[in-house]
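Enquirer: Everything below, folded, please.
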Amino acid sequence: RGRRPAGEVRHEHGDALAPLPAIAIGYRVPDPVTDIDGYLAYLVLAGVLTDGDSSRLQQRLVHREGIVIDLNAGCGLFGPLEARDPDTFSITAIHTAEVSAEQVISAIDEELQKLAQEPPSAEELAKVTARWASTMHKEHDRLTNRTLGLGSAELLFGRAELIYELPERIASVTVDEVSAAAKALRPDSRALLFIKPTGGAQ
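Expert: Residues are numbered from 1 along each chain as shown. Sure thing, here's the model as predicted:
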């Protein structure tokens, strides 16, 4: 509990039902119980990387280089703020058999390094935070979702009112905090899972 991987951990899994190869890259994130704002910086980073066609990884890997068919980034295995520490920041990518996994990983690492060296623009960040705030307000408008959110926040964090604070907290995430989050996603402290199709129908 509380410790990051001491190196890079790799595992390959053969899947007879998988139509294409896929990669999942997992990193540890701050404990949302003790460092909610640090955790939210990773949530915003995920949006900068993969939220929409103008996001960093979508632009490069899907549209410009065409080496990835689909990709996503986010916090939590079941969604953000659904678990206490330990929790995971993950990037997943589906690619064709002609593209090597190392090619995809190298491009992801390069984009993370760019963000670590130079923060995203204020406009880039504003798009992501506005989308998150809008999504959360819509979720809270529905009684069932609001009740579930309040119960989950009370159970996990001991503060049901946290769900009402989240839009403002996300909007307060700075470009430097996103850059610092990208810098912390180090290649020497992560786990990688490689899905290999074994059904012979590629």
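Enquirer: Mean pLDDT per helix and strand in this protein: which one sits at the bottom?
Expert: None of the helices or strands of the chain scores lower by mean pLDDT, DSSP states H and E than helix 143-157, at a mean of 74.
Enquirer: Identify the residue nearest the geometric centre of the protein.
Expert: Centrality entry for the chain: nearest residue to the mean C-alpha point is Gly74, 2.3 Å, by C-alpha atoms, centre = their mean.
Enquirer: does that residue count as helix, strand or coil?
Expert: Local secondary structure at Gly74 is given as strand here, using DSSP: H, G, I helix; E, B strand; the rest coil.
Enquirer: Just to check, it is in contact with Ala46?
Expert: Yes - if you go by C-beta atoms under 8 Å, Gly74 and Ala46 touch, sitting 4.8 Å apart. Every C-beta, even on glycine, is put in place using the N, C-alpha and C of the backbone.
Enquirer: intersection of neighbour lists for the two?
Expert: Common neighbours of Gly74 and Ala46 (criterion: C-beta atoms under 8 Å, 6 or more residues apart in numbering): Phe89.
Enquirer: where does Arg1 land on pLDDT?
Expert: For Arg1, the pLDDT comes out at 51.
Enquirer: err, His137, not the other one
Expert: For His137, pLDDT reads 66.
Enquirer: for Glu161, same thing?
Expert: As predicted, Glu161 sits at a pLDDT of 76.
Enquirer: That one: what's it in contact with?
Expert: By C-beta under 8 Å, 6+ apart, the contact list for Glu161 reads Ala153.
Enquirer: rerun at 7 Å
Expert: The contact partners of Glu161, taken as C-beta atoms under 7 Å, 6 or more residues apart in numbering, number zero.
Enquirer: now the longest helix that the chain contains, how far from the centre of its chain.
Expert: Secondary structure of the chain per DSSP state H: the longest helix is helix 122-141. Distance of helix 122-141 from the chain centroid (C-alpha atoms, centre = their mean, to the nearest Å) equals 16 Å.
Enquirer: Now do it against helix 143-157, angle only.
Expert: If you take axes from the mean of the first three to the mean of the last three C-alpha atoms, to 10 degrees, helix 122-141 sits at 110 degrees to helix 143-157.
Enquirer: For Ile195, pull up the helix or strand it's in.
Expert: Using DSSP states H and E, Ile195 sits within strand 190-197.
Enquirer: Tell me the buried residues in the next helix or strand after the least confident helix or strand of the chain?
Expert: Of the helices and strands lying after helix 143-157 in sequence (DSSP H and E), the nearest is helix 162-171. Residues of helix 162-171 classed as buried: 162-163, 166-167, 169-170 (neighbour count, 16 or more other C-beta atoms under 10 Å).
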